[in-house]
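Chemist: Mind looking at a prediction? Sequence and model below.
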Amino acid sequence: MPELPEVESIRCQLEPLITGKTIIKGHSFPSKKFSQAKLASGFHVQTVKRRGKYLLVGLEKKLDGKIKLKELIIHLGMTGSVSIVNEKSDDPYVRAQWQLNDGQILLFRDIRRFGRIAVVNPNDYKSLPTLNHIGPEPFDPKLTVTSFHRSLSSSRSYIKTKLLSQRIIAGLGNIYVDESLWRSHINPLARRIGKERSGVLLVSIREVLAEAIENGGTTFRDYRTPDGLTGKNQHNLDCYGRAGRACNNCSSILKNRIVGQRSTTWCPQCQIS
């Protein structure tokens, strides 16, 4: 599933391609998850932002002399991607497409249909519960060690489960949680960690995400940037997907188990507690 670095890489490429353009008409696959694509018709693209794993496209149009604002929300799910093309596609996995006023088309492709399209009033995310209750952005200066530690201490769930919930911190998925916990020497099955270790973990999360963004995200199968290229961060992973191989820190064999219904890799030597 595309996580924060992948969505941010997409946002950075998409922003100059569609900002300032007008959506002439939207079409969608016949499903409630994508049918709101047509509601963006007639709107002018003002901004392309990101919140956690969501793309937020700011829309504006004049209606009866008044300015009407909306947000086009694109959630990529597990296999979603966006691209700009010059003509309509007959690809059976295209779930939504928007005709732009310059003749180009914005496509949303999603093989497994776990993605979602919504058009909402600005900042009104009640129809999108995960986005509505999402936690702070990892790089938000208001996210301090104190507030992060307080949130981590609010339940007895496994620390990996907490980080995946999106309520403690936004944008993390399986790849970058495993990487961050490995780098900070924290066992994914830990339930509580002290304030000092919370600070180490927060630094690790920020480092892991920043490096992944710089590398254009991680591609194993489906993830592509709007220009059709893959990310490069898969070549820099220390933990995720490396079960059975030697730890890059201590040479112990990395182990794997299911934690909260998610495949989890960790080092039994480095991540004892």
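Modeler: All right, it came through fine. Residues are numbered from 1 along each chain as shown.

Chemist: any weak-confidence spans in the chain?
Modeler: 221 (pLDDT under 70).

Chemist: Point to the residue nearest the middle of it.
Modeler: The residue lying closest to the centre of the chain (C-alpha atoms, centre = their mean) is Lys53, at 2.4 Å.

Chemist: Double-check it against Ile10; I have them as touching.
Modeler: No. Checked against C-beta atoms under 8 Å, the pair Lys53 and Ile10 is beyond contact range at 10.4 Å. (Each C-beta comes from the backbone N, C-alpha and C, glycine too.)

Chemist: anything in contact with each of those two?
Modeler: Residues touching both Lys53 and Ile10 comprise 2, 76, with contact defined as C-beta atoms under 8 Å, 6 or more residues apart in numbering.

Chemist: Show me the chain divided up by domain.
Modeler: 4-128, 145-266 (automatic domain parsing).

Chemist: Now render those domains as a markdown table, adding distance to Pro136.
Modeler: Output for the domains of the chain, formatted as a markdown table (distance: least, C-beta to C-beta, whole Å):
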| stretch | distance to Pro136 |
| --- | --- |
| domain 4-128 | 10 |
| domain 145-266 | 6 |
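
Chemist: ok, now how distant is His149 from Arg192?
Modeler: Separation of His149 from Arg192 (C-beta to C-beta, to the nearest Å): 10 Å.

Chemist: OK, contacts around the residue nearest to the centre of the chain?
Modeler: 1-4, 7, 75-76, 166, 170-171, 173.

Chemist: what does Gly241 give?
Modeler: 175, 220, 265.

Chemist: Going through the residues you listed, which ones are buried?
Modeler: For the contacts of Gly241, a burial check counting by 16 or more other C-beta atoms under 10 Å picks out 175, 265.

Chemist: okay, the contacts of Gly241 in a markdown table with distance to Ile84 and secondary structure next?
Modeler: Shown next, in a markdown table, are the contacts of Gly241 (distance: C-beta to C-beta, whole Å; DSSP: H, G, I helix; E, B strand; the rest coil):
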| residue | distance to Ile84 | secondary structure |
| --- | --- | --- |
| Ile175 | 26 | helix |
| Phe220 | 24 | coil |
| Thr265 | 36 | strand |
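
Chemist: I'd like the contacts of Gly241 as a markdown table, with distance to Lys21 appended.
Modeler: A markdown table is the format used below for these (distance: C-beta to C-beta, whole Å):
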| residue | distance to Lys21 |
| --- | --- |
| Ile175 | 32 |
| Phe220 | 32 |
| Thr265 | 42 |
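
Chemist: what's the closest of the contacts of Gly241 to Pro92?
Modeler: Phe220 (22.2 Å; C-beta to C-beta).

Chemist: Please tell me I have it right and the closest one contacts Gly231.
Modeler: No. At 9.4 Å, Phe220 and Gly231 do not qualify as touching, with contact defined as C-beta under 8 Å.

Chemist: what ranges do the helices span in this protein?
Modeler: 4-18, 129-132, 145-152, 159-164, 174-183, 195-214 (DSSP state H).

Chemist: Can you name every helix or strand that the fifth one contacts?
Modeler: In other words, helix 174-183. helix 159-164, helix 195-214, strand 262-266 (3 or more C-beta pairs under 8 Å, 6 or more residues apart in numbering; DSSP states H and E).

Chemist: Return the set of buried residues in the shortest one.
Modeler: Judged by neighbour count (16+ other C-beta under 10 Å), strand 262-266 contains these buried residues: 264-266.

Chemist: Equivalent analysis for the second one, please.
Modeler: Of the residues in helix 195-214, those buried under the neighbour-count criterion (16+ other C-beta under 10 Å) are 197-202, 204-205, 208-209, 212-213.

Chemist: Over to the first one?
Modeler: Using 16+ other C-beta under 10 Å as the test for burial, helix 159-164 gives 159-164.

Chemist: got the CA coordinates for that helix in PDB?
Modeler: Output in PDB follows, covering the C-alpha atoms of helix 159-164 (Å, rounded to 0.1, in the frame of the first residue of the first chain):
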ATOM      1  CA  ILE A 159       3.400  -0.400  19.500                       C
ATOM      2  CA  LYS A 160       3.300  -1.500  15.900                       C
ATOM      3  CA  THR A 161      -0.500  -1.600  16.000                       C
ATOM      4  CA  LYS A 162      -0.500   1.900  17.500                       C
ATOM      5  CA  LEU A 163       1.700   3.300  14.800                       C
ATOM      6  CA  LEU A 164      -0.400   1.700  12.000                       C
END
